[in-house]
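[1] build me a model:
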Amino acid sequence: MSLVLLLPLLLTPPASAKAPKRAASSASEAHAEPAAEAAAEPVAAPAVPRFARMEVPGCGCALYAPSGLAFDPPTKSEDGSDVWTGEAAVDRWHFGAVVVKFAVPMQASTEAAPGDDMEALLISYMDFLKTQLSITSAAGVGRGHTHAENPSARGVIDYWEDKDGDHWAVKGWVDADRLAVMFVYGPGDYPYLTAQQLYLDGFRFQP
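    Have a look, this model is predicted:
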């Protein structure tokens, strides 16, 4: 499958999720009394989300997701692949995914080791998403992740920061038929590592 044809399958974050902070409307707002700030209520710890298995409609795949996550109707890429995007807010963090069902299954080149072409495509797609999401820094791709139910699949992980200071944990999965990019982002590292791992590893190539 041509990488050039797959790259337009990009995710644009909802405006509500990345809306700029409102500017102060007056000098009194811009110079609020320190005492008033000190009296503000402390920020409560976020609730631990409950995850449930849900199918991606029409994809033949599934994931474990927090309640409220729903996918938009699929769109078509230039090569006819189906693309689903979904996102849900959980307190100050967002859980989301991009899922692609290839119009034509990928065929490995004779020069590459099994799975190398798939992994290269996944990394290139995640790099392209970084440009669309205003990512300013990244830890670097971690390769070699294996899937619990699909031994032919490849997985990679990365950690990003965007221009607004939000932190992203991102994990991608790919096999010959489907690709998924799972992400959690918010104002810092997500405080519940086990829940984050459950989500990022929760993609299932079969429902």
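[2] where does this protein have its least confident helix or strand?
    Lowest by mean pLDDT, DSSP states H and E among the helices and strands of the chain is helix 3-6, with a mean of 36.
[3] buried ones in the helix ranked longest in the chain?
    The longest helix of the chain (DSSP state H) is helix 116-132. Judged by neighbour count using 16 or more other CB atoms under 10 Å, the buried positions of helix 116-132 are 117-119, 121-123, 125-126, 128-130. Every C-beta, even on glycine, is put in place using the N, C-alpha and C of the backbone.
[4] and the residue nearest the centre of the chain, how far from W168?
    Nearest to the geometric centre of the chain sits F183, at 2.7 Å (CA atoms, centre = their mean). Applying CB to CB, to the nearest Å, the value for F183 to W168 is 6 Å.
[5] what's the answer for W93, then?
    From W93 over to W168 (counting by CB to CB), the distance is 10 Å.
[6] what about the chain, any weak spots by pLDDT?
    Counting by pLDDT under 70, the chain shows low-confidence ranges at 1-44, 108-114.
[7] tell me where it has strands.
    In the chain, the segments counted as strands under DSSP state E are 51-56, 61-66, 70-71, 75-76, 82-90, 93-101, 135-138, 142-145, 154-162, 167-174, 178-186.
[8] now W93. Nearest residue, chain neighbours left out?
    Spatial nearest neighbour of W93, excluding adjacent residues (CB to CB, 6 or more residues apart in numbering): G186 at 3.3 Å.
[9] can you name the residues bridging to the one you found?
    Per DSSP bridges, the residues bridged to G186 are H167.
[10] hmm, it is touching H94, no?
    Yes. Under the criterion of CB atoms under 8 Å, G186 makes contact with H94 at 6.4 Å.
[11] list the contacts of F183.
    For F183, the contact set (CB atoms under 8 Å, 6 or more residues apart in numbering) comprises 95-97, 168-171.
[12] then P105?
    P105 touches 176-177, counting by CB under 8 Å, 6+ apart.
[13] any idea how far it is from A88?
    Per CB to CB, P105 is found 30 Å from A88.
[14] skip the chain neighbours and tell me the closest residue to T136.
    Spatially, and ignoring its direct neighbours in sequence, T136 is nearest to K163 (5.4 Å; CB to CB, 6+ apart).
[15] please disregard the earlier target; I meant D72.
    Among residues not flanking D72 along the chain, T85 sits closest, at 5.6 Å (CB to CB, 6+ apart).
[16] and if you look at E161?
    Residue nearest to E161 in three dimensions, not counting chain neighbours: S137, with 4.8 Å by CB to CB, 6+ apart.
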